[in-house]
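1. here is a sequence together with a model predicted from it:
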2 protein chains.
Amino acid sequence: MIAMDEFSFIDTIKQSIYKQSTLLKGIGDDAAVFDSYEQEIVISKDMFVENVHFAKHTMKSYHIGYKALAANLSDMAAMGAKPAFYLVAISIPRDWEMTEVHSIFQGMRDLADLFNMDLIGGDTVSGKELVISITVIGYGEKDRIRYRSLAQKGDIVFVTGFLGDSQAGLYILNHPGNYKERSYFINKHQMPFPRVDFALGLESLLRVSLNDISDGIASEANEIAEASNVTLVLEEANIPVHPAFDQFNPKLQYNWKMFGGEDFELMGTVPKKDWDKLLLIAERNNVQVTPIGYVTSKQELGYVLIDNGSNKMERLDKTGYNHLSR
Amino acid sequence: MIAMDEFSFIDTIKQSIYKQSTLLKGIGDDAAVFDSYEQEIVISKDMFVENVHFAKHTMKSYHIGYKALAANLSDMAAMGAKPAFYLVAISIPRDWEMTEVHSIFQGMRDLADLFNMDLIGGDTVSGKELVISITVIGYGEKDRIRYRSLAQKGDIVFVTGFLGDSQAGLYILNHPGNYKERSYFINKHQMPFPRVDFALGLESLLRVSLNDISDGIASEANEIAEASNVTLVLEEANIPVHPAFDQFNPKLQYNWKMFGGEDFELMGTVPKKDWDKLLLIAERNNVQVTPIGYVTSKQELGYVLIDNGSNKMERLDKTGYNHLSR
C-alpha cells in the first residue's frame, strides 16, 4: 500500500453519520460502545485470505469487500438476527493501491447501507498478503434465534434459491468460453446476496432451524442434524438448480450443488403445519423456497441420508458420499 | 500447519464449560449469542501480523497469543469495561506446527481465565504468514465509560507503571549482552499485563478520561487532548521509568518512554479533588500511579506541550517533537 498515516486512512473510511440509535460511540476511542435495548446480541467473525478465499483475477476489489461482508451477514440471517454493526481488520500488502483498498471498503459499505449498518471499529496493518477479518454484530429476540439445534422429527427441510451457482460462476471465470446466463452465474459468485430479509420475515414462526450455505448443503445438513440429534433425509432430485445449470458436466453439477458452498442461501427445517406460512413469507420477499426432504429420528446409517431415486438411501457426509447402501 | 480438519481443530480449542452467565450460545452455530443485562456493550478488534507486530525469534508462540489478547484487554481497561468474551480469527502458514498453534491459544486462554472470559467464536484459515485478529467484548456502566473525550481543564494527568519497558525488553532480545534486570524488561515485552482491575476499581470516580499506552504516550496524550479539545501539559522529568532504565543510551531512553508503545499501561486525567482517591485505588491494586502534568484550555501552540525543564514549552506531536519554542 502507498505509505499513508493510519489515522488519515481511518478518517477516510469513517462514517460521518451513524444510523443505529443504540450506538453510543463508534470509531474514535479505544473501543466502540453500544446498547442492546433488552435484545440478545449475536456476533460472528470471519477471515478471508487472498488466493485462498478469493483471487484478484476473478474478483475486483469492490467484490472482495462486498462478499466478505455478505458472508458475515449470511451468518446473521442464519441466526435470525438483524445486523447492526461491523468491525473490519485488514492487512494490506505494499503493492496494493490506495484506490483498491478504498474500493474494498466501498463494497462493504454499499451492502452495509442497505441494512443501516454502522462501521464501528477495526484495525489497519500491513502484511505480505491481503487478509480481511470482519466481525459483525446483530440483534435478535431471545425466542426467535434460529439455532441449528432446533430441528425436530416431522419437520420439512427446505432451501432458498438455487444451489451451485457460485461455483458455476467461478468456473466460468476460470474457463473462458461461451456460456448461457454467463453474467448471472458470475454475479452469483462475486456478489451473492445474503438472505437477511427473508430470515427476519420468519419472525411469526415459533420454531425454525437455520444454517446458511457457506460450505455446501452436505456440510450444513450434517451440522443441523448433529446439533439437533436427528436425521435429515434429502431427495436429490428436489435440490433446486438454475435452469441453465445443465450446460455443465454432470459431475461438476453434482459437486457444486452438494458441496459447492458460498451460495449463501439458507437451509433449514420448519414444522409441517407452518409450511404454507413459510411459502407466503418467501413470496413476500421474492425468495424461492424449495422443500428438499424431511426430518426423522436419528438413524443408524447416519445424520444425513440422500435418496437418489434408485431405491437406495446413502449416507451423505460433510464432504462426500459414504457408500453404505441398504 | 499440519493438515487438519478445521472442525477437529475447533473442538480442541473449544471450552468445555463457559463461565459468563450472559452467554446463550458459544462456539457451534453460525454466530454466538449473549445478553447484556442492561449494561452497555464495549467492543474492539485488533490485527497482528508476523514480522510486523511480533517475530518468532523474540516471542514464543505462547507469548504471541498472550500479548495479542493482552492488547485487546488493555483497550477494555481504557474504556473502563469488564471483559467478558473474545473471538479469534487466525491465518496459519503451512510450516507452523500444530503444537505451536495450540500454544498461541493457550497463551490467550491463560490470560482470559483470569478474567473469566469465554472464547465464543472465530475462524481458522491458512495463509502465507501468521495473522491473528482478536475481537474482545466487555460490559460497562453507561456513566462510567472512560471516553478519551472526558478530560477537562484543571485535571491532573497521570500514568500507571513505568514507560518504555517493552521497548527496552525488545532491545535486549535483539542485542545480546549483560543487562541489569534483564528478565524484568524481557517479561514486560513478552507478557505485559493489562490494567483491567485498576480501571474497574475506578468506578467510584464519576469522571476519568483514559487511554491505554499502545502507541506511546505522545500519541495517547494527543488523542485525549484532541478528543477533549484541551491542551495537556506534560513534565518530562516526571514521566516514570524503571530504576534500571538508565543503563540504556539516553536517546533510546527518551524515544522508548515517549514513543515506545506496547507498555499497555494506562494514561488518563482525573479532577484534582479525586486525586487522593485515585491513589488509594492504585494502592489497593498494587499499581503505581504517577502525576505527570495537568490539563489546561486549548493552547495555540498545540494539543500537547512538554516542559523539559529548560524554561521552554515545546509541542509534542504524536510521533515526535515539533520545535516551536516560546
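-> Yes, it's here.
2. need phi/psi at residue A:297.
-> Here is the backbone geometry of residue A:297 (degrees, to the nearest 10): phi -70, psi 160.
3. tell me where chain A has helices.
-> Taking DSSP state H as the test, the helices found in chain A are A:6-13, A:61-79, A:98-114, A:165-174, A:182-190, A:196-201, A:217-228, A:250-259, A:275-284.
4. wait, residue A:76 touches residue A:134, no?
-> No: Residue A:76 is not in contact with residue A:134 according to CB atoms under 8 Å; the separation is 11.4 Å. C-betas here are computed from N, CA, C, even on glycine.
5. next up, the contacts around whatever residue of the stretch 201-326 of chain A ends up closest to chain B.
-> Nearest residue of the stretch 201-326 of chain A to chain B: residue A:212, at 6.1 Å (CB to the nearest CB). Neighbouring residues of residue A:212 by CB atoms under 8 Å, 6 or more residues apart in numbering or on different chains: A:74, A:75, A:77, A:78, A:194, A:195, A:220, A:264, A:265, A:266, A:267, B:30.
6. mind picking the two most distant members of these?
-> Distance extremes for the contacts of residue A:212: the farthest pair is A:194 and A:220 at 14.7 Å, using CB to CB.
7. quick one: residue A:215 and residue A:276, what's the gap?
-> Distance, residue A:215 to residue A:276, by CB to CB, to the nearest Å: 30 Å.
8. more neighbours: those two, which one.
-> More crowded of residue A:215 and residue A:276, by other CB atoms under 10 Å in any protein chain shown: residue A:215, with 18 against 9.
9. give me every residue that touches the closest residue to the more buried one other than its chain neighbours.
-> Leaving aside its sequence neighbours, residue A:215 sits nearest to residue A:261 (CB to CB, 6 or more residues apart in numbering or on different chains; 4.6 Å). Residues near residue A:261 by CB under 8 Å, 6+ apart: A:166, A:167, A:213, A:214, A:215, A:216, A:219.
10. how much space separates the closest residue to residue A:216 other than its chain neighbours from residue A:222?
-> Spatial nearest neighbour of residue A:216, excluding adjacent residues (CB to CB, 6+ apart): residue A:259 at 3.9 Å. Applying CB to CB, the value for residue A:259 to residue A:222 is 11 Å.
11. more neighbours: the two, which one.
-> residue A:222 (23 against 19).
12. is it true that the more buried one touches residue A:304?
-> Yes: between residue A:222 and residue A:304 there is a contact at 5.2 Å, judged by CB under 8 Å.
13. residues shared between the contacts of the two?
-> Counting by CB under 8 Å, 6+ apart, the residues touching both residue A:222 and residue A:304 are A:316, A:317.
14. hmm, back to that, out of the contacts of residue A:212, who's nearest residue B:280?
-> Relative to residue B:280, the closest of those is residue A:75; by CB to CB it sits at 46.2 Å.
15. got a list of what residue A:304 touches?
-> A:218, A:221, A:222, A:225, A:231, A:232, A:233, A:234, A:315, A:316, A:317.
16. which residues of the stretch 1-150 of chain A fall in strands?
-> For the stretch 1-150 of chain A, strands defined by DSSP state E, counting those that start in this stretch occupy the ranges A:23-25, A:32-34, A:40-49, A:82-92, A:118-126, A:131-140.
17. in its sheet, what does the first one sit against?
-> Partner strands for strand A:23-25, per DSSP bridges, with pairing direction: strand A:32-34 (antiparallel).
18. what does the fourth one give?
-> Taking DSSP bridges as the criterion, strand A:82-92 forms sheet pairs with strand A:118-126 (parallel), strand A:131-140 (antiparallel).
19. of those strands, which approaches residue B:208 most closely?
-> Nearest of the strands paired with strand A:82-92 (CB to CB): strand A:118-126, 21.5 Å.
20. how long is stretch A:195-215 end to end?
-> 16 Å (CA to CA, to the nearest Å).
21. hmm, back to that, from residue A:195, how far off is the residue of the stretch 201-326 of chain A closest to chain B?
-> As judged by CB to CB, residue A:212 and residue A:195 stand 7 Å apart.
22. find residues that contact each of the two.
-> What both residue A:212 and residue A:195 touch, as defined by CB under 8 Å, 6+ apart, is the set A:74, A:77, A:264, A:265, A:266.
23. sorry, back to before: looking at the helices of chain A, which one is packed in the most?
-> Mean neighbour count (mean count of other CB atoms under 10 Å in any protein chain shown) peaks for helix A:61-79 among the helices of chain A, with a mean of 26.
24. who does that helix touch, helix- and strand-wise?
-> strand A:40-49, strand A:82-92, helix A:98-114, strand A:131-140, helix A:182-190, helix A:196-201, strand A:209-212, strand A:266-270 (3 or more CB pairs under 8 Å, 6 or more residues apart in numbering or on different chains; DSSP states H and E).
25. can I get that helix as PDB, trimmed to CA atoms?
-> Provided in PDB are the C-alpha atoms of helix A:61-79 (Å, rounded to 0.1, in the frame of the first residue of the first chain):
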ATOM      1  CA  SER A  61     -11.600  -5.100  -5.000                       C
ATOM      2  CA  TYR A  62     -15.200  -4.000  -4.700                       C
ATOM      3  CA  HIS A  63     -16.400  -7.600  -4.900                       C
ATOM      4  CA  ILE A  64     -13.800  -8.700  -2.300                       C
ATOM      5  CA  GLY A  65     -15.200  -6.200   0.200                       C
ATOM      6  CA  TYR A  66     -18.800  -6.900  -0.700                       C
ATOM      7  CA  LYS A  67     -18.500 -10.600  -0.400                       C
ATOM      8  CA  ALA A  68     -16.600 -10.600   2.800                       C
ATOM      9  CA  LEU A  69     -19.400  -8.700   4.500                       C
ATOM     10  CA  ALA A  70     -22.100 -10.700   2.700                       C
ATOM     11  CA  ALA A  71     -20.600 -13.900   4.200                       C
ATOM     12  CA  ASN A  72     -21.000 -12.400   7.700                       C
ATOM     13  CA  LEU A  73     -24.500 -11.100   7.000                       C
ATOM     14  CA  SER A  74     -25.400 -14.500   5.900                       C
ATOM     15  CA  ASP A  75     -24.400 -15.800   9.400                       C
ATOM     16  CA  MET A  76     -26.700 -13.100  10.900                       C
ATOM     17  CA  ALA A  77     -29.500 -14.300   8.600                       C
ATOM     18  CA  ALA A  78     -28.900 -17.900   9.700                       C
ATOM     19  CA  MET A  79     -29.400 -16.900  13.300                       C
END
